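Undergrad: fold the following and give me the result.
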Amino acid sequence: MGLKTYVKESYNELVHKVSWPTWTELQSSAIVVLTATFIFALIVLVMDTTFSLLMKDFLYKIFE
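TA: Below you'll find the predicted structure:
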């Protein structure tokens with residue numbers, strides 16, 4: 001009985017109470033997420049490259 005009530009109430013909430021975004025809002029949100037992800041990936045790339053170069057140039061030469 002509890003599972004049936006849960007499914008009914010969940011469906012009712014999704015259909016009548018949730019405000020779904022419009023297609024335009026969805027597109028603009030997707031562009032924001034893609035842009036932020038790209039910027040974050042570039043920051044990680046720069047940090048990784050910098051750390052790699054520092055390790056090769058300084059730390060690894062100490063132990064040669």
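Undergrad: now do the helices in this protein.
TA: 2-16, 23-54, 60-62 (DSSP state H).
Undergrad: in a markdown table: those, plus mean pLDDT and mean neighbour count.
TA: Using the backbone N, CA and C atoms, a C-beta is placed for each residue, glycine as well. Compiled in a markdown table, the helices of the chain are given as follows (pLDDT from 0 to 100; neighbours: other C-beta atoms under 10 Å):
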| stretch | mean pLDDT | mean neighbour count |
| --- | --- | --- |
| helix 2-16 | 93 | 9 |
| helix 23-54 | 96 | 10 |
| helix 60-62 | 76 | 8 |
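Undergrad: ends of stretch 56-64, how far apart?
TA: End-to-end span of stretch 56-64 (C-alpha to C-alpha, to the nearest Å): 11 Å.
Undergrad: that stretch: how far from the chain's middle?
TA: Centroid separation for stretch 56-64 versus its chain: 36 Å, with C-alpha atoms, centre = their mean, to the nearest Å.
Undergrad: mind listing residues that contact that stretch?
TA: Outside stretch 56-64, not one residue touches it by C-beta atoms under 8 Å, 6 or more residues apart in numbering.
Undergrad: from Ile31, how far off is Glu13?
TA: Using C-beta to C-beta, to the nearest Å, Glu13 is found at 29 Å from Ile31.
Undergrad: cool, Asn12 as well?
TA: 33 Å.
Undergrad: repeat that for Leu14.
TA: Leu14 is 26 Å from Ile31, by C-beta to C-beta.
Undergrad: please apply the same query to Gly2.
TA: From Gly2 to Ile31 the distance is 42 Å (C-beta to C-beta).
Undergrad: same question for Thr50.
TA: Taking C-beta to C-beta, one finds Thr50 at 29 Å from Ile31.
Undergrad: can you check Phe51 too?
TA: Distance from Phe51 to Ile31, by C-beta to C-beta: 31 Å.
Undergrad: same thing with Thr22?
TA: 14 Å.
Undergrad: what does Glu64 give?
TA: 48 Å.
Undergrad: then His16?
TA: 30 Å.
Undergrad: equivalent analysis for Met47, please.
TA: Distance from Met47 to Ile31, by C-beta to C-beta: 25 Å.
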